[in-house]
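Asks: here you go, sequence then predicted model.
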Amino acid sequence: MSSIGLFIEYIYSIYIIIIYIITYIYYIGFKMSYVRYSDSYSKITISRITGSVYHGKALDSSLRLTIDSLLKVQQTCQ
């Protein structure tokens, strides 16, 4: 009976390790797929995949130019 309990514990620990590895891979992928730009006025997150801009507070023209240049640099690097 105790050997079955040990086997279940072994399977459970492997399951936890696999879940941890998958979560870590997703986290790395999420960090790599976004460009972050922030200054004293605004914080902006740019998606590298779609090119869309998230949670920008003050988007003035110079900032838009900065975003455009960042995206162009990103596209040329790919």
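Replies: Everything's here; your move.
Asks: count of residues packed around residue 18?
Replies: By the criterion of other C-beta atoms under 10 Å, residue 18 has 10 neighbours. All C-beta spots, glycine's among them, are computed from the backbone N, C-alpha and C.
Asks: residue 14 too?
Replies: 10.
Asks: how about residue 13?
Replies: Neighbour tally, residue 13, other C-beta under 10 Å: 10.
Asks: please shift the residue numbers so they start at 323 in all later answers.
Replies: Let's use 323 as the start, then, which means that last one is residue 335.
Asks: against residue 350, how distant is it?
Replies: As judged by C-beta to C-beta, to the nearest Å, residue 335 and residue 350 stand 23 Å apart.
Asks: show me what the one helix or strand residue 344 maps to is packed against.
Replies: Using DSSP states H and E, the element containing residue 344 is helix 324-354. The contact analysis (3 or more C-beta pairs under 8 Å, 6 or more residues apart in numbering; DSSP states H and E) places helix 324-354 against no helix or strand.
Asks: report the residue ranges of every domain in this protein.
Replies: The chain resolves into domains spanning 323-354, 357-400 when parsed by automatic domain parsing.
Asks: can you flag the weakest of those domains by average pLDDT?
Replies: Lowest mean pLDDT of the domains of the chain: domain 357-400, a mean of 59.
Asks: what about residue 346, neighbour count?
Replies: 10.
Asks: how near is it to residue 336?
Replies: From residue 346 to residue 336 the distance is 16 Å (C-beta to C-beta).
Asks: repeat for residue 342
Replies: 11 Å.
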